[in-house]
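>>> The following comprises the amino acid sequence and a computationally predicted model.
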Amino acid sequence: MEQQKLDKKRKTFYCSPSIENFREKLKARIGLPEWKWYFPFGKVIFFGMYRFSDYLKFIIHRGEKKIFWCGSDIINLSKRPFWKFVLTKYHIRHFCENQHEQNVLSNMGFIPPIICPMIFSIPNTEIAYKHSKIPHVYLTAHEDREEEYGVNVIKHIAPQIKEVIFHIYGINGKSYENIIFHGKVSDKQFNDEIRNYQASIRLNVFDGFAETTAKSILHGQYPITYIYYPKIDWAKDMDTLIELLKDLKYKKEPNYEGRDYWIKELENNLCTVLS
């Protein structure tokens with residue numbers, strides 16, 4: 001009897017193989033053991049619902065469960081009416097990272113998700129911002145998904161803002177003018193290099209709260225995103241994006257207000273998701 005009570009209270013997490021690169025970071029961040037198929041009890045948080053296997057494991061689990069939606073998995077679900085129908089039959093707590101995601105999930109028939117932007121790695125909150133008259137900004141992208149990540153936008157606007165240097169990580173390309181392609185680099189190299197920059201850019205039109213955005217704001221930088229988040233510069237259109245980039249050279253002090261807000265927000269959100 002006591003063992004059964006303990007089993008029902010046990011908390012675990014499941015990380016979709018589609019975000020495998022976050023598994024160990026997430027494990028260290030939340031401090032929970034991983035879900036095992038041979039122990040389908042207790043409470044579990046599913047991070048990411050991208051694959052058939054993710055949905056199958058969701059159904060197999062017999063205890064309390066929650067889903068943390070990560071971004072493109074929501075788009076995938078919109079193309080899978082069967083799984084959308086199945087999930088709406090479970091009255092569970094859903095989490096997402098912005099208003100746009102919440103609206104899409106609510107329109108699918110889910111209980112309105114709780115908006116909880118997260119960082120999946122242990123955050124470094126050390127201020128690393130240094131003013132520069134020639135600002136350096138950075139973004140990440142994936143091969144064959146350059147348009148989704150805004151690489152084409154950067155190529156278009158860079159000639160108009162030659163006082164800004166653009167660093168693109170994750171893909172190879174021909175560096176020219178004020179655009180530098182770094183390709184795939186280690187986490188250590190990436191973290192070391194972005195400390196010297198002034199802002200991250202996230203140009204995905206449908207997205208979760210990017211780790212690059214989190215790292216940038218926690219370092220006291222001035223990140224720019226296409227999706228609205230409190231205390232982060234919102235590029236609601238191309239003209240606004242260009243103006244925000246041009247304005248970086250006038251940012252002489254670290255972004256204390258944004259940094260302080262997000263240090264508290266990310267910790268509070270972690271507690272909410274794990275509660």
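Happy to help now that I have it.
>>> switch to C-alpha atoms for all contacts and neighbour counts from now on
OK.
>>> Would you check that P223 makes contact with S216?
Yes: using Cα atoms under 8 Å, P223 is in contact with S216, at 5.9 Å.
>>> shared neighbours, these two?
Taking Cα atoms under 8 Å, 6 or more residues apart in numbering as the criterion, P223 and S216 both touch A199, S200.
>>> who touches the helix ranked longest in the chain?
Ranked by number of residues, the top helix in the chain under DSSP state H is helix 256-274. With Cα under 8 Å, 6+ apart as the test, helix 256-274 has contacts from 30, 45, 95, 116-119, 125, 217-220, 231-232.
>>> from those, which two are the most distant?
I45 and G220 (30.5 Å; Cα to Cα).
>>> quick one: strands adjacent to the one helix or strand Y138 maps to?
Using DSSP states H and E, Y138 falls within strand 136-140. The strands that strand 136-140 pairs with in its sheet are strand 165-169 (parallel), strand 199-202 (parallel) (by DSSP bridges).
>>> Output that strand as CSV, nothing but the C-alphas.
Extracted C-alpha coordinates of strand 136-140, given in CSV (Å, rounded to 0.1, in the frame of the first residue of the first chain):
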residue,chain,number,x,y,z
HIS,A,136,27.4,42.4,-33.2
VAL,A,137,24.2,40.3,-33.3
TYR,A,138,23.7,36.6,-33.7
LEU,A,139,21.1,34.0,-34.6
THR,A,140,20.9,30.3,-35.1
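>>> where along the stretch 101-250 of the chain do the helices fall?
151-157, 187-194, 211-218, 238-247 (DSSP state H, counting those that start in this stretch).
>>> Need those helices in TSV (columns: mean neighbour count).
Compiled in TSV, those are given as follows (neighbours: other Cα atoms under 10 Å):
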stretch	mean neighbour count
helix 151-157	14
helix 187-194	12
helix 211-218	24
helix 238-247	15
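>>> Mind checking those helices for the one nearest to E143?
Using Cα to Cα, these put helix 151-157 closest to E143, at 10.7 Å.
>>> Only alpha carbons, please: show that closest one as PDB.
Taking C-alpha atoms only, helix 151-157 is exported to PDB below (Å, rounded to 0.1, in the frame of the first residue of the first chain):
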ATOM      1  CA  VAL A 151      18.500  33.900 -42.900                       C
ATOM      2  CA  ASN A 152      16.900  35.300 -46.000                       C
ATOM      3  CA  VAL A 153      15.700  38.300 -44.000                       C
ATOM      4  CA  ILE A 154      19.300  39.000 -42.800                       C
ATOM      5  CA  LYS A 155      20.700  38.800 -46.300                       C
ATOM      6  CA  HIS A 156      18.000  41.300 -47.400                       C
ATOM      7  CA  ILE A 157      18.500  43.900 -44.600                       C
END
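>>> sorry, back to before: got a winner among the contacts of helix 256-274 for most neighbours?
Sorting the contacts of helix 256-274 by how many neighbours each has (other Cα atoms under 10 Å) puts I217 first, at 31 neighbours.
>>> Just list the residues touching that residue, thanks.
Per Cα under 8 Å, 6+ apart, neighbours of I217: P223, I232, N255, G258, R259, W262.
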